[in-house]
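Chemist: Just a sequence and a predicted model for now, questions to come.
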Amino acid sequence: MTDTPQVAAANKVKLVKTQAQVPLTLPVKAIDDKGELVDKFVACERPLTVYLNWRPIVTLMTLGAKPESLTLGYLKNQGFISDLNLLESVIVDWDVNSAVVISKETSDDIEEKLSEKTVTSGCGQGTVYGGLMQGLDDISLPTPSIKQSLIYQLLKNINAYNDTYKNAGAVHGCGICQDDQILAFVEDVGRHNAVDTLAGDMWLEQQAGADKIFYTTGRLTSEMVIKVAKMGIPILLSRSGVTQMGLELAQKLGITLIARAKGRHFLVYHGAETIEFDCLAKD
């Protein structure tokens, strides 16, 4: 049973002990193509070592925007934790670049999961563990229809975001959307970090994904499709392209896969029957 927003908010405050903040960009000097000195910004990148019950799991290279949500989303997506009610605390300390999650959940198979490691195509070399594939056969997603005009409006509205990218570049952005509105948007040095952060937020707040659209600036790989499916979101929209395994998984899981989406252009790689092409006469 899903908690009410008030209960979910109270649980989040009780569980998440910190709201660790760090600068997302830093000012630097650069020489432009005219040979002149200019003031610019670069995106920050810092290590965050994730511990589960004081057992080190992984070190993530991250921008550091929402490290508590990133930590929880990562551990959940990788299959290390699954029961929100058994979590006791999440603490992030940037002085030692660490995030510690304490859980009562049994983790007898943690060594086995850690041994099944795959280096992915993610930016900055993402790492996934055997638990990522768990539960895929149990996922059942709805097949909502979506208007072509809504896609265009959503892409237009997305332009108001990507603040770090506009300021410094070198990051990916991901967003949770409902119709043409952006409910949450996160940037990070890797798209896998951004999706984990949003997954952590949705899990903490007990949000349903059936009526949502997931947007990303990154390519649609197998890892991205799996994580979005685990969030219960049936529509995946990307500014970038699709990999073969990402497409195969979208077909298997029933995700509408829309890529190369920018301005008034997009390609539907799976789920074209759910698209209402209501702008054809205008183009």
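Modeler: Great, that's in hand. What you are looking at is a predicted structure, and each value in this text was computed from that prediction instead of being measured.
Chemist: use CA for all of it now, contacts and neighbours both
Modeler: Will do.
Chemist: Now do the strands in the stretch 1-150 of the chain.
Modeler: All strands of the stretch 1-150 of the chain, identified by DSSP state E, counting those that start in this stretch, fall at 25-31, 37-43, 46-52, 55-62, 87-93, 98-103, 117-119, 127-129, 146-147.
Chemist: And the last one, how far out from the chain middle?
Modeler: When C-alpha coordinates are averaged (Cα atoms, centre = their mean, to the nearest Å), strand 146-147 and its chain have centres 23 Å apart.
Chemist: Kindly report the same for the first one.
Modeler: For strand 25-31, the distance between its averaged C-alpha position and the chain's averaged C-alpha position is 27 Å (Cα atoms, centre = their mean).
Chemist: same check, this time on the longest one
Modeler: Here strand 55-62 is found 16 Å from its chain centre; the criterion is Cα atoms, centre = their mean.
Chemist: Now it: average pLDDT?
Modeler: When the per-residue pLDDT values of strand 55-62 are averaged, the result is 92.
Chemist: who does it touch, helix- and strand-wise?
Modeler: strand 46-52 (3 or more Cα pairs under 8 Å, 6 or more residues apart in numbering; DSSP states H and E).
Chemist: Let me know the angle separating the strand it packs on from strand 98-103.
Modeler: Orientation of strand 46-52 against strand 98-103 (axes from the mean of the first three to the mean of the last three Cα atoms, to 10 degrees) gives an angle of 20 degrees.
Chemist: Show me what strand 46-52 pairs with in its sheet, parallel or antiparallel.
Modeler: Sheet pairing here is set by DSSP bridges, and for strand 46-52 it gives strand 55-62 (antiparallel), strand 98-103 (parallel).
Chemist: Among the strands of the stretch 1-150 of the chain, which comes closest to Cys174?
Modeler: Between Cys174 and these, the shortest separation by Cα to Cα is 14.1 Å, and it involves strand 55-62.
Chemist: Buried ones in the closest one, by neighbour count?
Modeler: Of the residues in strand 55-62, those buried by neighbour count under the rule 16 or more other Cα atoms under 10 Å are 57-62.
Chemist: Among the strands of the stretch 1-150 of the chain, which comes closest to Lys262?
Modeler: Sorting those by Cα to Cα, the top spot, which is the nearest, belongs to strand 146-147 at 15.5 Å.
Chemist: Can you tell me the centre-most residue of this protein?
Modeler: Most central in the chain under Cα atoms, centre = their mean is Val195, positioned 0.6 Å from the mean C-alpha point.
Chemist: Can you tell me the element the residue nearest to that residue when sequence neighbours are not counted falls in?
Modeler: If the residues on either side of it in the chain are set aside, Val195 comes closest to Cys174, at 6.3 Å by Cα to Cα, 6 or more residues apart in numbering. Counting by DSSP states H and E, the element that carries Cys174 is strand 172-178.
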